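[1] Need a 3D model of the following:
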Amino acid sequence: MVLDTGVKNPNSLLPSLTTAIKRALSLEVWVSNSRVRVASDAFIRRHTEFDSVAGFCAACPCNEDTISGVQRLSTDERDAFVARTTDFETWAEMKQSAAIQDLVVLQNV
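    Okay, here's the model as predicted:
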């Protein structure tokens, strides 16, 4: 194995690293574009009292039933809603957990 990577020969190391880097970068773009999508419906079902992202947004005390509406709340209001209705204490913690779970899925771990 090459450098304990699970890769059996050096010729396959570069493509494996390239794929991993591309997946990580695509996740970074996905997380930074979080006004469109923060978590999957499956993540919301597992970690909140809601069945979908739409349900989460509709229950949030914001003016617009979208992720953008949720993000426009003050940090305190948003974190209070997240703490009350999810497995997380803050919006940042929820987004980070969703991103990590998506990375695991992207890597097929």
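
[2] Touching, D51 and D41? I think so.
    Yes - look at D51 against D41 with Cβ atoms under 8 Å: they come within range, at 7.3 Å. Yep, even glycine has a C-beta here, placed from its N, CA and C like the rest.

[3] The two: which is more packed in?
    Legend: neighbour count by other Cβ atoms under 10 Å for D51 and D41, higher for D41 (14 against 11).

[4] contacting residues for that one?
    By Cβ atoms under 8 Å, 6 or more residues apart in numbering, D41 lies in contact with 51-53.

[5] Give me the next element, helix or strand, following the lowest-mean-pLDDT helix or strand in the chain.
    Sorting the helices and strands of the chain by mean pLDDT, DSSP states H and E puts helix 10-32 at the bottom, at a mean of 59. Reading on from helix 10-32 to the C-terminus, the next helix or strand found by DSSP states H and E is helix 41-47.

[6] what's next to the following helix or strand past that next one, contact-wise?
    Per DSSP H and E, helix 41-47 leads on to helix 53-59 as the next helix or strand towards the C-terminus. Applying Cβ under 8 Å, 6+ apart, the external contacts of helix 53-59 come out as 37-41, 44, 48, 50, 65-67, 69-70, 85.

[7] ok, I67 to P15 distance?
    Separation of I67 from P15 (Cβ to Cβ, to the nearest Å) stands at 35 Å.
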